[in-house]
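Q: Generate a structure from the sequence data that follows.
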Amino acid sequence: MKEYSPSSTNSRRRVSPCNTTTATPRSPAGNSPSTSSRASPYASPWASATWRTAPSRRDTLTKETLPFDGIEAHIEQLLADIQENIYRKALAFRDGMITKVDSYDEFKQLLETKGGFFLCHWDGTAETEERIKAETKATIRCIPFDSPAEEGKDMLTGKPSHCRVLIAKAY
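A: Here you go, the predicted model:
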């Protein structure tokens, strides 16, 4: 009678999920990845270096096929590119919604037709702000920190102004 030994009953080397690089990759059924009848929807511990993945980008709606080797570095760069692309789109949209206005008539006309934000001179008084709000329902949204000091005249009263403010209408 033959004596039992693990090596005599199982001649195929078992693959540990923690150590896939030292053995031939095998699925739990014993098939190699290339001959498997079903494609795996996830990265398994039996994945070989020849397996590929296809990440898709939501910002550009593109998809590319990549090998698993070096995927970490590529994904890090991909995420940085996506963040930069989304930021540039948002900045361009914001800048496209801001209109520089110097006269009150132009401001009222653009407020009704175009909408968005308006960079206007303001003399700094609460009375002017209240009058603009009463006549147009638009209010001062903010005084931009990064705007350069610019001398001009208040669009409503004609008084001297030292900077522009962002005015918009709430809907």
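Q: what's the closest non-adjacent residue to the residue most central in space within the chain?
A: Closest to where the C-alpha atoms of the chain average out (CA atoms, centre = their mean) is residue 86, at 4.0 Å. In space, residue 86 comes closest to residue 59 once its chain neighbours are excluded; the distance is 5.6 Å by CB to CB, 6 or more residues apart in numbering. C-betas here are computed from N, CA, C, even on glycine.
Q: Which pLDDT value goes with the one you found?
A: You'll see residue 59 listed with a pLDDT of 87.
Q: for it, what are its contacts?
A: Contact partners of residue 59, counting by CB atoms under 8 Å, 6 or more residues apart in numbering, are 82, 85-86, 89.
Q: State the three-state secondary structure for it.
A: Look at residue 59: counting by DSSP: H, G, I helix; E, B strand; the rest coil, its state is coil.
Q: how much space is there between it and residue 127?
A: 46 Å (CB to CB, to the nearest Å).
Q: need the contacts of residue 59 in TSV with pLDDT, can you?
A: Converted to TSV, the contacts of residue 59 look like this (pLDDT from 0 to 100):
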residue	pLDDT
82	93
85	95
86	95
89	95
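Q: Report the next helix or strand after the longest helix along the chain in sequence order.
A: With secondary structure taken from DSSP state H, the chain has its longest helix at helix 71-96. Next helix or strand after helix 71-96 toward the C-terminus (DSSP states H and E): strand 98-100.
Q: pLDDT on the helix or strand just after that following strand, on average?
A: Sequence-wise, the next helix or strand downstream of strand 98-100 (DSSP H and E) is helix 104-113. For helix 104-113, mean pLDDT rounds to 93.
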